[in-house]
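Q: generate a structure from the sequence data that follows.
(one chain, ligands or ions: 1)
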Amino acid sequence: MSDVLTATVPLGGPTLPQERRIVTSIPGPRSQELLARKAAAVAGGVGHTVPIEAVAAGGGVVVDADGNSFIDLGSGIAVTSVGNAHPAVVAAVQAQVAQFTHTCFMISPYESYVAVAETLNHLTPGDFEKRSALFNSGAEAVENAIKIARKFTGKPAVVAFEHGYHGRTNLTMALTAKNMPYKSGFGPFASEIYRAPLSYPFRDGLNGADAAARSISIIEKQVGAENLAAVIIEPIPGEGGFIVPAEGFLAAIAEWCTANNVVFIADEVQSGFARTGAMFASEHFGIVPDLVTTAKGLAGGLPLAAVTGRADIMDAAHAGGLGGTYGGNPVACAAAIAALDAFENDGLIERAQEVGEILLGRLNALQASDSRIGDVRGFGAMVAAEFVDPATGAPDAALAAAVAKASIAAGVIVLTCGTYGNVIRFLPPLSIDDNLLNEGLDVVAEALAGVAA
Ligand code: PLZ
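A: Predicted coordinates:
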């Protein structure tokens, strides 16, 4: 079978057959070959969770070199929200690479970078004058948001939260909460980073006001507003487990920041761009961040990231203080213009809401029949199930891993997450159709049923 199929590698994009099709064991022979080469050539620290050689993707599927077609419930970690190889993104990229591939925006500016900044300024929450700066990765955006906040306030300290994830560079490792696999052995970490407790309703039982009071008290006692440049928080922590904070928690923290000349940074790298059924997750909580960091969904799969926010804060950095050789690369910007147009004009926010109804409906029903699912939570196409020992409520990471592994073997890409590793997250591309999404959830339910209680 694979010999026939590998004669031609299918083109990606939405015209790829929208089906789950498993024709070999996973990984198939071609994929095994590549994974052997990977082990011999690529640093061991760069892992992978789906053992295949990907050759095409689009709509709601990822196809491998052996001719297997997987239902994609991960979007490459929330990146291909508009759909993999989206035709408008492909066309924009092809046109731009033929025009010019690079000038360095800090040397010779070009229009697409400015257009992306204008669109971000208009799409992000807050009805005030804004500026944006573009970078290559989420971690780089976070680093720059912190630089900007420090320069604006003249203060050194930064507060991040339990369960937070902000990247793998030195400063962002310090901001990230979880030791393994992100930090262990990679220190010493950047100084002047402090951690506050998060609101985690399923585990702490606190209402939003009480959880915020607890966090603010720790910030005041252990750091002091007079030393604090910024508070950085994911409105819905991604790697940390899609924890939806209790109502009022984020608003109280944001309010405290405003009252204390502390820059409130929302890290929307994972939750941004229609993912949660709103353009930004902050909107679900009625908060207007001073600065927003974005990446992932922004450019339809090309590497691009941004910091967007209040003009007075963003303009605090001196000319030449922000930048990088590749930041706002013209090919990535062309892709972003096409992707942002799709987010704004192709009904993707509504589509994310529909996807959310299916995800929450199916997972809530599954929870009702299987007490090993302790919690189902999220918004739009950013929904998760937390697996527990039904007797004690203790996190069950082994179960989450077994369900993910069995789902992948059966042709459905799902990702785990969570501080305790016991969460399966659902992040389908918004281009997935209902049938495929439902079939993917059927497979996950079968996988769960197949793991002995
Ligand atoms: N902030 C909220 O989710 C990236 C990382 C996966 P980069 N999350 C996926 C992994 O194991 O590396 C992320 C995020 C939030 C920042 C980042 C960092 O974005 O583009 O990976 O640097």
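Q: name the residues of stretch 405-413 that are buried.
A: Residues of stretch 405-413 classed as buried by neighbour count (16 or more other Cβ atoms under 10 Å): 405, 406, 407, 408, 410, 411, 412, 413. The way it works is simple: take the backbone N, C-alpha and C, and place the C-beta from them, glycine included.
Q: next: stretch 233-250.
A: 233-246, 248-250.
Q: ok, and which of those reach the ligand?
A: 234, 238, 239 (Cβ under 6 Å from any ligand atom).
Q: so the residue nearest to the second one when sequence neighbours are not counted versus residue 292, what's the distance?
A: Pointing back at residue 238 there. Spatial nearest neighbour of residue 238, chain neighbours left out: residue 270 (3.4 Å); criterion: Cβ to Cβ, 6 or more residues apart in numbering. The gap separating residue 270 from residue 292 is 12 Å, by Cβ to Cβ, to the nearest Å.
Q: residue 336 too?
A: 15 Å.
Q: how about the residues of the stretch 201-350 of the chain by the ligand?
A: Counting by Cβ under 6 Å from any ligand atom, the stretch 201-350 of the chain sits next to the ligand at 234, 238, 239, 267, 269, 270, 295.
Q: which of those residues lies closest to residue 78?
A: residue 270 (5.0 Å; Cβ to Cβ).
Q: helix or strand for residue 449, which one?
A: helix 434-450 (DSSP states H and E).
Q: and that helix, what does it pack onto?
A: strand 69-72, helix 348-369, helix 397-409, strand 412-413 (3 or more Cβ pairs under 8 Å, 6 or more residues apart in numbering; DSSP states H and E).
Q: I'd like the average pLDDT over the longest one.
A: Yep, that's helix 348-369 we're talking about. The average pLDDT within helix 348-369 is 98.
Q: buried stuff in it?
A: Going by 16+ other Cβ under 10 Å, helix 348-369 has these buried residues: 348-349, 351-356, 358-360, 362-363, 366-367.
Q: looking at those, which one is closest to the ligand?
A: residue 352 (17.0 Å; Cβ to the nearest ligand atom).
Q: contact partners for the closest residue to the closest one other than its chain neighbours?
A: Ranked by Cβ to Cβ, 6+ apart and with sequence neighbours excluded, the top spatial neighbour of residue 352 is residue 380, at 3.7 Å. Counting by Cβ atoms under 8 Å, 6 or more residues apart in numbering, residue 380 touches 274, 275, 276, 277, 278, 352, 353, 355, 356.
Q: backbone dihedrals for residue 380, please?
A: When read as degrees, to the nearest 10, the backbone of residue 380 gives phi 60, psi -130.
Q: how about the residues of the stretch 51-200 of the chain near the ligand?
A: 77, 137, 138, 139, 142, 165, 166, 167, 168.
Q: can you rerun that using 5 Å?
A: Neighbours of the ligand within the stretch 51-200 of the chain, by Cβ under 5 Å from any ligand atom: 77, 137, 138, 139, 166, 167.
Q: filter those residues down to just the ones in strands.
A: Applying DSSP state E to these, no entry is found in strands.
Q: need the residues you listed in a markdown table (columns: pLDDT and neighbour count).
A: Below are those laid out as a markdown table (pLDDT from 0 to 100; neighbours: other Cβ atoms under 10 Å):
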| residue | pLDDT | neighbour count |
| --- | --- | --- |
| 77 | 98 | 16 |
| 137 | 98 | 19 |
| 138 | 98 | 29 |
| 139 | 98 | 24 |
| 166 | 98 | 32 |
| 167 | 98 | 23 |
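Q: out of those, who's nearest the ligand?
A: Using Cβ to the nearest ligand atom, these come closest to the ligand at residue 138, 2.2 Å.
Q: as a markdown table, the ones next to the ligand among the buried residues of stretch 233-250 with distance to residue 161 and secondary structure would be great.
A: Shown next, in a markdown table, are these (distance: Cβ to Cβ, whole Å; DSSP: H, G, I helix; E, B strand; the rest coil):
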| residue | distance to residue 161 | secondary structure |
| --- | --- | --- |
| 234 | 8 | coil |
| 238 | 13 | coil |
| 239 | 12 | coil |
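Q: which one of those residues is nearest residue 48?
A: For those, the nearest to residue 48 is residue 239 (16.2 Å; Cβ to Cβ).
Q: the closest residue to that closest one other than its chain neighbours - how many residues pack around it?
A: Nearest non-adjacent residue to residue 239, counting by Cβ to Cβ, 6+ apart: residue 165, 3.5 Å away. Residues near residue 165, counting by other Cβ atoms under 10 Å, number 26.
Q: residue 165 contacts residue 173, correct?
A: No: contact between residue 165 and residue 173 fails when scored by Cβ atoms under 8 Å: they sit 10.1 Å apart.
Q: intersection of neighbour lists for the two?
A: residue 182.
Q: so which strand or helix has the residue nearest to residue 238?
A: Per DSSP H and E, there is no helix or strand for residue 270.
Q: residue 62 too?
A: Using DSSP H and E, residue 62 falls in strand 61-64.
Q: same thing with residue 307?
A: strand 305-310.
Q: over to residue 34?
A: With DSSP H and E as the criterion, residue 34 is inside helix 29-41.
Q: and that helix, what's its mean pLDDT?
A: Here the average pLDDT along helix 29-41 is 98.
Q: swap in stretch 274-282?
A: Per-residue scores along stretch 274-282 average to 98.
Q: list the contacts of it.
A: 78, 81, 123-125, 235-236, 250, 266, 268, 271-273, 284, 288-289, 292, 297, 343, 348-349, 351-353, 356, 378-382, 427, 430.
Q: likewise for stretch 85-102?
A: Counting by Cβ under 8 Å, 6+ apart, 11-14, 56-58, 80, 82, 110, 112, 299-302, 326, 329-331, 333-335, 337-339, 341-342, 431 sit against stretch 85-102.
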